[in-house]
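# Sharing a sequence plus its predicted fold:
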Amino acid sequence: MSLSTTRKSLYVDFGTPPPGYVPGLGRGAVGFTTKMDIATARFSGPQLPGASTNSSSSKASKSKSSTVSGVPGQFDDAVFEAEDAEADAIWAAVDAKVNRHTEEAQKRKDAAAEAEESQRGIKLHAQFADLRRELTNVTVDEWESIPEVGQVAYVPKQTAGAAAAMPVPDSVLRMQVENDMFSRSSRVGASGLTPAELAAQDATTTDLRKLGEARASAVSARLDVAAAGLGASAPSGSGNGSVNAEAYLQQLESQTLEAAARVADDRKLRELLTSLRATYSEHAPSWIAAARLEEAAGKMRSARKIALEGCGEAPDSADMWLEAARLCQPDEAKRVLARAASRLPRAVEVWMAAARLEMTDAAKRTVYRKALEANPTSAVLWKAAVQLEPPHKARVLLTEAVKCVPADVDLWLALARLQSYGDARETLNAARAAVDPDSLVRVWVAVCRLEEARAVPEPREPADAARDLPHPNVAHVAQAAVTELASSGIGLALASLFATPLDTAAATEAAERYAGEGLHRVASAVLARARGDAPDDPALWARAAALAPSETVRLAVLRASVSALPTAPLLWLMAAKAVWQAGELGEARQLLAAASAAVPRCEPILLAGAKLETLAGAADAAGALLARARAETPSARVWVKSAVHARMIGDAAGLAELLASGRSSWPDEAKLWMMAGQSAATPAEAAAIYRDGLRAVPTSAPLWLLLAQTQVDEGKLVAARATLERGREALPSSDEVLEGAAKIEMMAGNREAAGQIVAEGLAALPRSGRLWVLAIELEPPAKKRSRAMDAVKAAKSEARILTYVARLFMFMRLGEKAKAWLQQARKVDSSYGDAWAWAWAIGSDDERGVLEADVRASEPRYGEAWIAVAKADSARALGLADVLQRVGHRCAGVHAAAVAAGVFSDPGALSRLVVLPE
């Protein structure tokens, strides 16, 4: 039997249901019936006798009916007994207990969630929980009345055709007019429209809203300024930045009154000028003043109209034509100036203004040609025309110019510069006869320059050089100039220099001035003239050597100087140094030997000889000369040099003996105490030596720093701080001690105390490069650059600051800026070695070669990086170029390490209180 057959066999057909039959109605099923379905059949069933439909028992049974089966009213007709009540009570107790446990569990869960939420922070939606609860009370009308987000910023548009009026100050209107004029003039060339078309186009685009915004911006700016100004002077109880509204409104009212007064004054002035023009129509200044008044009021069209009318009323005034051309557009201005030139052909300023309006050189040449035809005697026109021509055409123009304007010295000199030597001499000779006496000295200076450029120095013996240093032709020219100027009664510099005896100061000043102008041989002639009056003054010979145009001339002058003044140690030393730099070691030794014989028992000569032998690698010869110096000229300097030599050659016993004897003989020489402490065996022994030195020389900053550095090396940071505190008391104006004290605080991690020390030091020493550099170091990276600019403004001539700024640019990979700053540092102080070293570190091969050649003349002496290498014993025999290479390599390594670490500061430099040789 299949499943379908089984189901069919279970189905019973009851036939057609009777009328009014509702399935399930007798069992209390009412959920799927309607009133129409029930009708009167609901009560059609039989009822028990005496039963009442409204009895209390029926109501109780209905209220106590069970809904467990899910069919409401299923047990409405059942009888409610006491057992049922007991069962219901038990079930009610069970439900209450279960509900109580459930509520307690929910409360615990809510408390835990609330605690966790409070720890994590209140979320945004929790802040509006009370508002969300109140949403249940919001009506539909209230909800619909809430505006949308986009409607909040809605600005109603102005009704079309409505009049717009807004009070605006005159200054705002004038600024708007000027901006419109500027933008209009800039758009003429870009758009191709004529000024009239562009003005017509702009006339319909007036935007009062922009004027209102400009007024609002101006008022806002004034309020900010007022707040800033009044906030500083406000009482302490009123708060910073508060504005006195009453005072500010009074100020605005006074400004309004002033603006109104200015408008009234403009009106009165306009009426006055109108009356003046009507009375004196040919008075050009009144027309010009009226046009400028309209221009100041922003009425450019009225200003141009008045200016053009003035040209018709006062056509003989060049100023009137120039004013009209200034107010017109370029094309119209050209037409105005053309009319002016035809009316006033002799007005040079009109022709010059017309030439300036032309855009090409060819058009300018045409204007100048016509101008020169009308004004052949105008030097201004000739000079302007010559500047536009190439040299060969300019020479032709100048030839005609000097014929037309023979009294102008500039035209003569310009022609001479463009000619050959022979023609230039003829031109200058003709100029001497043509120019006025006041310009004659310029002609003679040009003659001297001509002979200077023509002169070719020939090799001469020292005696000949001493006898005839300036070129004969130059000296002849100078003497001729003196004669002619003196005969003309002109008491000028060149005549007085050659006509009267000269002292050293006057001769040196004059020679430096002529050498700065390139007249080296004239400068030599001046010094030779001065040496004739003071033959025993070595300063004149030294200055002549310094101003020599070449190394050959310099050597000749120095050789001649020692022959002329054999008892001057300065000249011997200069000659020996120049010869050694030229590579002539043997001649330098001979010169120093001759100097020692000519000037016996001379300490500088003996020490120079010892240094020369050290550089040559002859340590024994240098030691012998130092021993001779100690015997013949004993001094603290000789003992220091002797100790340095002993340390360099490794003579420990000799070094100790020299330092002991030197300290007993010269206890106030700080270098001896410093060298003794550096050669001590232990830090404790070094500290004891430094303390003894400070008792003898309490004003030596290096000794204080060395003692503190020794204590830092021993780990006694507190003792080092106390030492530098005493050093600050002994040397309150020493930036070295202040720098060391600040570094101590930085080592201790107290940057605030370090900054306070630096601030106090800068207040007392505002131009200290050391303190400014440390102040920049204390700033965070983002503020270093601005702090560096403050340092540059405070101490522009401090090479240390300029070098530090260059290093900042190097760190930012701005090499060209860094090179420019380093060049400025070398220009300010060529003896600062670090500027040379950092320039070498970032320079190319060619730039390094130039630096190595120039460093010999500058001879750097100080700088942290420079001293650490140059003062080392291993570098004593090196030349300046070799030292520069070593220091440059060291700086390049420091820079590379800083770039790799991404930190600009040099920890090694900040941890050293004093720089010691390596």
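Okay, I see it.
# Now do the contacts for the residue nearest to residue 622 when sequence neighbours are not counted.
Excluding its sequence neighbours, the residue lying closest to residue 622 (Cβ to Cβ, 6 or more residues apart in numbering) is residue 613, at 3.9 Å. All C-beta atoms are positioned from the backbone trio N, CA, C, and that covers glycine. Contact analysis of residue 613 by Cβ atoms under 8 Å, 6 or more residues apart in numbering lists 619, 621, 622, 625.
# gap between residue 682 and residue 723?
18 Å (Cβ to Cβ, to the nearest Å).
# More neighbours: the two, which one.
residue 723 (29 against 10; other Cβ atoms under 10 Å).
# what kind of secondary structure is residue 567 in?
coil (DSSP: H, G, I helix; E, B strand; the rest coil).
# what about stretch 430-442, average pLDDT?
Stretch 430-442 carries an average pLDDT of 79.
# And stretch 865-875, by the same measure?
80.
# what's the first-to-last distance across that stretch?
13 Å (Cα to Cα, to the nearest Å).
# Sort out which residues of it are buried, please.
865, 866, 867, 868, 869, 870, 871, 872, 875 (16 or more other Cβ atoms under 10 Å).
# still on that earlier bit, pick the one among the contacts of residue 613 closest to residue 790.
Nearest to residue 790, judged by Cβ to Cβ, of these is residue 622 at 48.2 Å.
# What helices and strands are in contact with the one helix or strand that closest one maps to?
Applying DSSP states H and E as the criterion places residue 622 in helix 619-632. Judged by 3 or more Cβ pairs under 8 Å, 6 or more residues apart in numbering; DSSP states H and E, helix 619-632 is in contact with helix 603-615, helix 636-649.
# Break the protein into its domains for me.
The chain breaks down by automatic domain parsing into domains covering 256-344, 799-910.
# Residue 388 and residue 363: what is the separation?
On the measure of Cβ to Cβ, residue 388 and residue 363 end up 10 Å apart.
# typo on my end, residue 303
Using Cβ to Cβ, we find residue 303 at a distance of 28 Å from residue 363.
# Also residue 370?
For residue 370, the distance to residue 363 equals 11 Å [Cβ to Cβ].
# One more: residue 442?
Separation of residue 442 from residue 363 (Cβ to Cβ) stands at 34 Å.
# Same check on residue 836?
53 Å.
# Do a quick rundown of the helices in the stretch 301-450 of the chain.
Here the stretch 301-450 of the chain has its helices, by DSSP state H, counting those that start in this stretch, at 318-327, 330-343, 348-357, 361-374, 379-387, 391-404, 409-417, 421-434, 440-454.
# Tell me which helix or strand in this structure has the weakest average pLDDT.
Least confident element among the helices and strands of the chain, by mean pLDDT, DSSP states H and E: helix 462-467 (a mean of 35).
# just how off-centre is the longest helix seen in the chain within its chain?
Ranked by number of residues, the top helix in the chain under DSSP state H is helix 82-120. Between the centre of helix 82-120 and the centre of its chain there are 75 Å (Cα atoms, centre = their mean, to the nearest Å).
# what comes up buried for the helix or strand containing residue 753?
In the assignment (DSSP H and E), residue 753 maps to helix 751-764. Within helix 751-764, the residues that qualify as buried are 753, 754, 755, 757, 758, 761, 762, counting by 16+ other Cβ under 10 Å.
# any idea how far residue 529 lies from residue 902?
For residue 529, the distance to residue 902 equals 64 Å [Cβ to Cβ].
# When the two are compared, which one has more neighbours?
residue 529 (24 against 8).
# Could you point out the helix or strand that follows the one helix or strand the more buried one maps to?
Secondary structure from DSSP H and E places residue 529 in helix 520-533. Sequence order places helix 538-546 as the next helix or strand after helix 520-533, per DSSP H and E.
# most centrally placed residue in the protein?
By Cα atoms, centre = their mean, the chain has its centre lying nearest to residue 789, at 5.9 Å.
# Within the helices and strands, which one has it?
Using DSSP H and E, residue 789 falls in helix 784-794.
# Just list what the helix or strand following that helix packs against, helices and strands only.
Using DSSP H and E, the helix or strand that follows helix 784-794 in sequence is helix 799-811. Packed against helix 799-811 by the contact rule (3+ Cβ pairs under 8 Å, 6+ apart) you find helix 769-778, helix 784-794, helix 815-828, helix 833-842, helix 880-901.
# Mean pLDDT added to these, as CSV?
Below are the helices and strands packed on helix 799-811 laid out as CSV (pLDDT from 0 to 100):
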stretch, mean pLDDT
helix 769-778, 90
helix 784-794, 87
helix 815-828, 91
helix 833-842, 92
helix 880-901, 87
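# which of these sits most buried?
Scoring those by mean neighbour count under mean count of other Cβ atoms under 10 Å gives helix 833-842 as the most buried, with a mean of 26.
# ok, back up a step: what angle do the helix holding residue 529 and helix 538-546 make?
Taking axes from the mean of the first three to the mean of the last three Cα atoms, to 10 degrees, helix 520-533 and helix 538-546 form an angle of 170 degrees between their directions.
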